[in-house]
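Asks: Fold the following and give me the result.
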Amino acid sequence: MIARARHSYKRMTRLWLLRAGGVLLIVLLATILCLKFFTHPVISGPSLTELVIPGPLAHVQPQAVRAAVLPALTSKGFFSINVEQIQAAVQAVPWVATAAVRRSWPHTLYIDITEEVPVARWNGSGLMDAQGRVFVHAMDSAWAKLPMLSGPEGSEQDVLAEFNDLTTTLTTRGLAIQQLTVDARGDSTVELNDSINVRLGRADVEPRLERFTTVALPVLSEKLADVAYVDMRYTNGFAVGWASTGISPACQRHAGPGERPPTDGRAGGRTRDGSQNACTTPAVGHSNEVGPNG
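Replies: Numbering: from 1, shown residues only. All right, here's what the predicted structure looks like:
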C-alpha cells in the first residue's frame, strides 16, 4: 500500500514538472517576443517623419530627393538610420554635387545640397562640371554660351584638362575658346571667339597655340574676316584656309625664311606630326609665303 502510494506520488510529480516546464518555456518565448517588439523602437529611436531640404535650389527637384531618400527611411529610427546610404542616394540625383545629411532630434532629417555648376558642354547635350564629370544631359538654350568640348567617350577629364591649359595661353591675349574638339586619333582643333578654327594636331598643342597667337595672328590681323582656319601643324610655319563664297576654302602655306614648301604642305599630304594635311588645294608659290619666327 505504501509502495503504491509512493509510485503514484512520483508519477504526479513528474507530470507536474513537465507541465511546469512547458508553461515556463511558453512564458519565456512570449517574454522574448515582447522584448523584441517593444524594445526595438526604444533602441532605434523615434521614427524620422520630417525631411527638410534647405534651399533655394535652382535645378535639383525636391521630389526627386524625397524619392531617393524614402527607401532608406523605411522601418528606420533616429539612431539606426544609415546616414552614408542616404548621402550616396541623394548624390546620385541629377544636379546634386554634394549632400550633407544630419539628424535633428527627435523626428527631423536635414539634407544640405550643393548643386553642380557646369563649366562646359560635352558632345552636344552633356553638361560637365569642373572635375570633368558629365552630370546631366540638357538641351536648354541657357547653356549655349558655355564652351563646347568634344571627344571620345571616356576622355572627358583629359579634354577638359587640355581646354584649361589652352585657355591659360589665350586669356592674356583677350581670346577665348568657343569649342575644343579632340578626334579619335587625338588631333585637337579649337574654335576661337572670333570663329576662327585653329588646327593643332596631336603633339606640342600648347606651343603651337602659342605660336598661333604670336606669329600667325599678327600676320593675319587685317584679313581675319576672310580666314576659315589656320593649320599650325608645321615645324616652322602654318597654312591658312581662306573662306570663299560658294567654293571650298583655298589653302595658303606660310613658311619661314629660306624654307621651301615641304611635302607635308601639299594637298592630301602629312604634317610633321603624322596627321593629315588640312590643305584642300596645293600650296601657293613661295613668293606668297611670309616668314614667321617660329
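Asks: A strand includes Arg211, no?
Replies: No - looking at Arg211 with DSSP: H, G, I helix; E, B strand; the rest coil, it is helix, so not inside a strand.
Asks: Give me the pLDDT value at it.
Replies: If you check Arg211, the pLDDT there is 94.
Asks: Likewise for Arg266?
Replies: At Arg266, the predicted lDDT confidence score is 40.
Asks: Strands of the stretch 1-150 of the chain, residue ranges please.
Replies: 50-52, 96-104, 108-115, 120-122, 126-128, 134-137, 148-150 (DSSP state E, counting those that start in this stretch).
Asks: Please pull up the helix or strand immediately following the last one.
Replies: Along the chain past strand 148-150, the next helix or strand (assigned with DSSP states H and E) turns out to be helix 156-171.
Asks: Now tabulate the strands of the stretch 1-150 of the chain in CSV and tack on mean pLDDT, mean neighbour count and distance to Val240.
Replies: To be clear about C-beta, it is placed using only N, CA and C from the backbone, and glycine gets the same treatment. As requested, the strands of the stretch 1-150 of the chain are exported to CSV (pLDDT from 0 to 100; neighbours: other Cβ atoms under 10 Å; distance: least, Cβ to Cβ, whole Å):
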stretch, mean pLDDT, mean neighbour count, distance to Val240
strand 50-52, 91, 13, 61
strand 96-104, 94, 16, 43
strand 108-115, 95, 17, 44
strand 120-122, 98, 24, 28
strand 126-128, 97, 23, 32
strand 134-137, 94, 16, 35
strand 148-150, 98, 20, 23
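Asks: Could you report the neighbour count for Arg233?
Replies: Neighbourhood size, Arg233 [other Cβ atoms under 10 Å]: 25.
Asks: Low-confidence stretches in this protein?
Replies: For the chain, the stretches flagged by pLDDT under 70 are 1-44, 74-75, 244-294.
Asks: Now for the residue nearest to Ala130 when sequence neighbours are not counted, how many residues are close by?
Replies: Spatial nearest neighbour of Ala130, excluding adjacent residues (Cβ to Cβ, 6 or more residues apart in numbering): Val119 at 5.2 Å. For Val119, the neighbour count with other Cβ under 10 Å is 17.
Asks: same question, Pro56
Replies: Neighbours of Pro56 using other Cβ under 10 Å come to 5.
Asks: Please tell me how far it sits from Asp140.
Replies: Separation of Pro56 from Asp140 (Cβ to Cβ, to the nearest Å): 18 Å.
Asks: try Ala99
Replies: Where Asp140 is concerned, Ala99 sits at a distance of 23 Å (Cβ to Cβ).
Asks: What of Thr167?
Replies: Thr167 sits 23 Å away from Asp140, going by Cβ to Cβ.
Asks: These two: which has the busier surroundings?
Replies: Thr167 (15 against 9).
Asks: No further questions, thank you.
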